[in-house]
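Novice: Any chance you could fold what I've pasted below:
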Amino acid sequence: MRGALEAAGVTGRCVHVGLEAAADDLLLRVHDAAHLARVAEACASGARLIDAMDTAIGPSSERVARLAAGSLAALCRGVAAGRLDAGFAAVRPPGHHAERDLAMGFCLYNNVAAAAAMLRAECGIERVLVLDWDVHHGNGTQHIFEEDPAVFYYSSHQMPLYPGTGFARERGRGAGAGATRNVPLDPGDGDTEFLGALSDTLLADMETFRPGFVLISAGFDAHRDDPLGGLRVSTAAFAEATMIARAIADRHAAGRLVSVLEGGYDLEALAASAAAHVEALLSA
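Specialist: Sure thing, here's the model as predicted:
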């Protein structure tokens with residue numbers, strides 16, 4: 001992906017933010033202490049898997065996962081403080097499947113959830129939008145915030161597909177009722193359905209919610225060439241989706257927007273989509 005970003009000429013127009021490991025206090029806002037200890041112990045023990053057959057680990061996995069979460073948080077701090085206009089955290093492992101007490105779907109810590117909680121606790125941001133366009137539903141992010149009216153979780157994703165959550169009827173619980181919006185897409189759906197859900201549903205929701213910061217769980221596995229999904233989204237549509245998100249940030253959040261890499265498993269499609277996404281962020 002780095003090569004594609006360089007070839008597109010976008011890296012030279014970006015400010016590069018160094019890596020920063022997440023401290024416990026960042027992660028403990030969205031994860032149980034027992035989860036942090038269990039992930040660290042499993043990785044140190046030489047275990048090959050944690051919690052599920054789809055989540056492989058190695059001796060360095062916990063350190064790398066802390067770097068992913070901490071670097072996203074550092075980028076968000078820079079944007080919240082006005083030192084940066086917007087940002088894209090090209091980090092792995094992804095995070096949106098990680099529950100408060102469970103690793104799953106390649107995810108150890110929930111990067112975007114930790115960033116959203118940090119923005120509210122440290123940066124004075126009252127309301128945060130988490131826009132998730134990964135082909136898979138971000139069960140972890142939804143569940144962490146489903147009772148919180150100050151974090152609006154929006155997801156468009158393929159159904160049926162892993163992890164089996166994200167029905168349209170899931171709208172949040174308790175005080176958070178109405179602050180979750182799931183838009184399931186059918187296998188074979190493409191640009192029209194993907195972009196229409198953002199234009200028709202998300203824009204209207206944000207007129208009421210009025211976020212102070214926009215976070216994007218930017219998975220690119222809804223791409224038509226991705227082997228793990230069945231949607232038919234084009235590279236260009238990710239750029240258009242980025243412009244929709246940037247319009248929300250400009251209207252409600254003084255332009256404050258940060259995206260973080262989630263899924264994407266065809267390397268050429270991933271690289272091209274990420275380059276189009278960053279180019280759209282730069283051109284807005």
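Novice: Quick check: the gap between D148 and A47.
Specialist: Separation of D148 from A47 (C-beta to C-beta, to the nearest Å): 32 Å. All C-beta spots, glycine's among them, are computed from the backbone N, C-alpha and C.
Novice: Among those two, which residue is more densely surrounded?
Specialist: Ranked by neighbour count (other C-beta atoms under 10 Å), D148 and A47 place D148 first, with 20 against 14.
Novice: can you name the farthest residue from the center of this protein?
Specialist: Using C-alpha atoms, centre = their mean, the residue of the chain lying farthest from its centre is S45. It sits 29.1 Å away.
Novice: now the helices for the stretch 151-284 of the chain?
Specialist: Using DSSP state H, counting those that start in this stretch, the helices found in the stretch 151-284 of the chain span residues 191-197, 203-209, 235-252, 267-283.
Novice: of those, which approaches R29 most closely?
Specialist: helix 203-209 (20.8 Å; C-beta to C-beta).
Novice: Just the buried positions in that closest one, please.
Specialist: For helix 203-209, the neighbour count (16 or more other C-beta atoms under 10 Å) marks D205, M206, F209 as buried.
Novice: Dump that helix to CSV, restricted to CA.
Specialist: Output of helix 203-209 as CSV, limited to C-alpha atoms (Å, rounded to 0.1, in the frame of the first residue of the first chain):
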residue,chain,number,x,y,z
LEU,A,203,-26.6,12.7,6.0
ALA,A,204,-30.1,13.0,7.4
ASP,A,205,-29.1,11.3,10.7
MET,A,206,-26.2,13.8,11.1
GLU,A,207,-28.5,16.8,10.8
THR,A,208,-29.9,15.7,14.1
PHE,A,209,-26.8,14.2,15.8
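Novice: Figure out how far that helix is from the centre of its chain.
Specialist: 19 Å (C-alpha atoms, centre = their mean, to the nearest Å).
Novice: List the contacts of that helix.
Specialist: Helix 203-209 is contacted by residues R127, L129, F152, Y154, A179, R181, I244, A247, I248, R251, H252 when judged by C-beta atoms under 8 Å, 6 or more residues apart in numbering.
Novice: Would you list the buried entries among those?
Specialist: Of the contacts of helix 203-209, these count as buried by 16+ other C-beta under 10 Å: R127, L129, F152, Y154, A179, R181, I244, A247, I248, H252.
Novice: Could you pull out the strands in the stretch 101-250 of the chain for me?
Specialist: 128-132, 151-158, 180-185, 213-218 (DSSP state E, counting those that start in this stretch).
Novice: Include mean pLDDT and distance to H35 when you put these into JSON lines, please.
Specialist: Below are the strands of the stretch 101-250 of the chain laid out as JSON lines (pLDDT from 0 to 100; distance: least, C-beta to C-beta, whole Å):
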{"stretch": "strand 128-132", "mean pLDDT": "98", "distance to H35": "20"}
{"stretch": "strand 151-158", "mean pLDDT": "98", "distance to H35": "19"}
{"stretch": "strand 180-185", "mean pLDDT": "98", "distance to H35": "22"}
{"stretch": "strand 213-218", "mean pLDDT": "98", "distance to H35": "20"}
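Novice: Would you convert these into CSV that also reports distance to S71?
Specialist: As requested, these are exported to CSV (distance: least, C-beta to C-beta, whole Å):
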stretch, distance to S71
strand 128-132, 18
strand 151-158, 21
strand 180-185, 27
strand 213-218, 14
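Novice: Which among those is found nearest to A56?
Specialist: A56 sits nearest to strand 213-218 of all the strands of the stretch 101-250 of the chain, at 20.9 Å, using C-beta to C-beta.
Novice: re earlier: for G82, find the nearest of the helices of the stretch 151-284 of the chain.
Specialist: helix 235-252 (13.5 Å).
Novice: Identify the residues contacting the closest one?
Specialist: So helix 235-252 is in contact with 86, 129, 131, 133, 190-191, 194-195, 198-199, 202-203, 206, 210-214, 216, 218, 220, 223, 255-257, 259, 269, 272-273, 276-277, 279-281, 284, going by C-beta under 8 Å, 6+ apart.
Novice: What's the PyMOL line that selects buried ones from those residues?
Specialist: The PyMOL selection below is limited to those of those classed as buried (16+ other C-beta under 10 Å):
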select buried, resi 86+129+131+133+191+194+195+198+202+206+211+212+213+214+216+218+220+223+255+256+257+259+269+272+273+276+277+279+280+281+284
